[in-house]
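Chemist: got a predicted model here, sequence first, then my questions.
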Amino acid sequence: MRLKDQITSETVFFAWGVIQQIIALILVSHVIGSVWYFIGDMSGSSGMHNWIDEFDMKDEAFVYRYTSAFHWSISHFGQSTNFLRPVNWPERLYAIFVSIISMVMVFLVIASIVTSLMKLIDSGGETDQSFWLLRRYMRQHELPAPLVTRILRFLEYKIAQLAKTVPENKVEGILGLLSENLYNELKFEAEFAVMRGHPLVEHAEEHAAVLIQGMVQAKAPNHTPVLKVKQYSEDDIVFTDQAVENFMFFVCSGDLTYMRVQDDGSMKDHKMQVGDWLLEAVLWVPWMSQGVLESSNESSVCLLDARLFVEDIKLDTQMFDLMCNYAIHFAEWLSNLPSDRISDLSPLQNVKRILDQAIAGADDPNHSNDGD
């Protein structure tokens with residue numbers, strides 16, 4: 001666990017930040033002082049008069065020479081005087097460079113410290129205070145260190161994401177001026193565009209955009225929409241083996257791994273990519289998950305509710321007819337798979353072939369569907 005995650009006092013947290021700044025200044029001063037001595041030494045090797053000879057440093061002990069160079073370096077940060085001075089043009093140029101850099105660094109350090117102090121005493125630091133209270137809460141309840149780390153990292157990730165993005169509730173006033181269809185299209189583009197990687201979704205949106213994009217909203221108050229986004233933390237289990245699921249999953253972001261036990265008892269891993277999908281079978285046949293999906297880090301997935309999806313599709317007769325054909329061919333494809341190849345993944349090439357068969361069946365004038 002990181003040291004700062006164990007700090008429960010706001011004052012100590014602020015002090016630790018100041019200490020980090022001081023340590024950084026010391027390390028930079030070490031580098032500047034070392035280069036200062038190196039320039040003097042190289043000047044002497046070139047036959048130039050230099051500060052080492054000027055102040056009789058060459059025969060002094062190493063500790064004295066090092067501390068003298070370090071003192072010259074660190075004095076620039078405090079804009080104080082030092083008896084050492086440049087005596088040739090390379091040393092003079094370096095001294096000017098160090099003076100400029102030190103002024104900038106001192107300004108940045110002071111600004112950082114003042115900002116941290118203002119955040120500490122400002123009521124706007126509610127997030128930081130919440131973190132400190134959460135740390136205390138978890139320490140009081142003696143939560144395991146790995147769990148504490150996962151919780152803090154996930155919250156830090158979420159807060160960082162919120163800082164980089166504009167939440168919908170910040171613009172809901174002006175979004176309320178949009179027409180319903182325009183709002184649905186915007187929300188689908190913003191949150192669910194990755195679903196277009198599935199050929200059936202792409203085809204359905206092309207021919208029934210209003211219906212598909214309208215799935216981003218609930219049809220009535222206190223109801224859930226067909227499509228929604230769910231977040232997962234590091235090491236979260238998204239779904240388990242032999243579980244009854246009602247959602248098809250689309251990977252939106254992060255790293256997710258699908259694991260399935262083979263017939264020989266070995267475990268096969270499949271790294272999921274953004275836009276990949278799982279558990280499509282829940283839309284078309286009674287299904288239990290055939291493996292485990294685990295989040296390797298902070299991830300998000302789009303969920304398509306199977307039951308609500310069927311209810312919405314019934315509103316469009318032609319699209320419902322296509323979906324019924326697709327379901328028939330999907331079930332046939334599943335039934336012909338060897339047992340060792342049955343999984344929660346439906347490969348792209350197979351989905352394209354099934355869709356082509358469904359479209360051909362829907363276009364057949366002799367084909368009919370009773371809607372059952």
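Modeler: That came through fine.
Chemist: what does stretch 53-63 contact?
Modeler: 40, 44, 51-52, 64-65, 68, 83-84, 87 (Cβ atoms under 8 Å, 6 or more residues apart in numbering). (C-beta placed from N, C-alpha, C; glycine too.)
Chemist: among these, name the ones in helices.
Modeler: 40, 44, 51-52, 64-65, 68 (DSSP state H).
Chemist: give me the buried entries from those.
Modeler: For those, a burial check counting by 16 or more other Cβ atoms under 10 Å picks out 40, 44, 51-52, 65, 68.
Chemist: how about TSV for the residues you listed, with distance to residue 14 added?
Modeler: Listed next are these as TSV, based on distance: Cβ to Cβ, whole Å:
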residue	distance to residue 14
40	40
44	46
51	40
52	42
65	37
68	34
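Chemist: farthest pair within these?
Modeler: 44 and 68 (15.4 Å; Cβ to Cβ).
Chemist: skipping adjacent residues, who's closest to residue 201 in space?
Modeler: Nearest non-adjacent residue to residue 201, counting by Cβ to Cβ, 6 or more residues apart in numbering: residue 195, 4.7 Å away.
Chemist: just residue 261 next, same as before
Modeler: Per Cβ to Cβ, 6+ apart, closest to residue 261 is residue 267, 5.9 Å.
Chemist: and the gap between the one you found and residue 291?
Modeler: Taking Cβ to Cβ, to the nearest Å as the measure, residue 267 falls 9 Å from residue 291.
Chemist: show me where this protein has strands.
Modeler: Secondary structure of the chain (DSSP state E): strands at 227-232, 237-239, 247-253, 256-261, 267-272, 277-278, 292-295, 299-305.
Chemist: still on that earlier bit, residue contacts, the residue nearest to residue 261?
Modeler: Neighbouring residues of residue 267 by Cβ under 8 Å, 6+ apart: 259-261.
Chemist: quick one on the thing from earlier: mind listing the shared neighbours of residue 267 and residue 291?
Modeler: By Cβ under 8 Å, 6+ apart, the residues touching both residue 267 and residue 291 are 259-261.
Chemist: what about burial for those, which qualify?
Modeler: Neighbour-count burial (16+ other Cβ under 10 Å) is assigned, among the shared contacts of residue 267 and residue 291, to residue 260.
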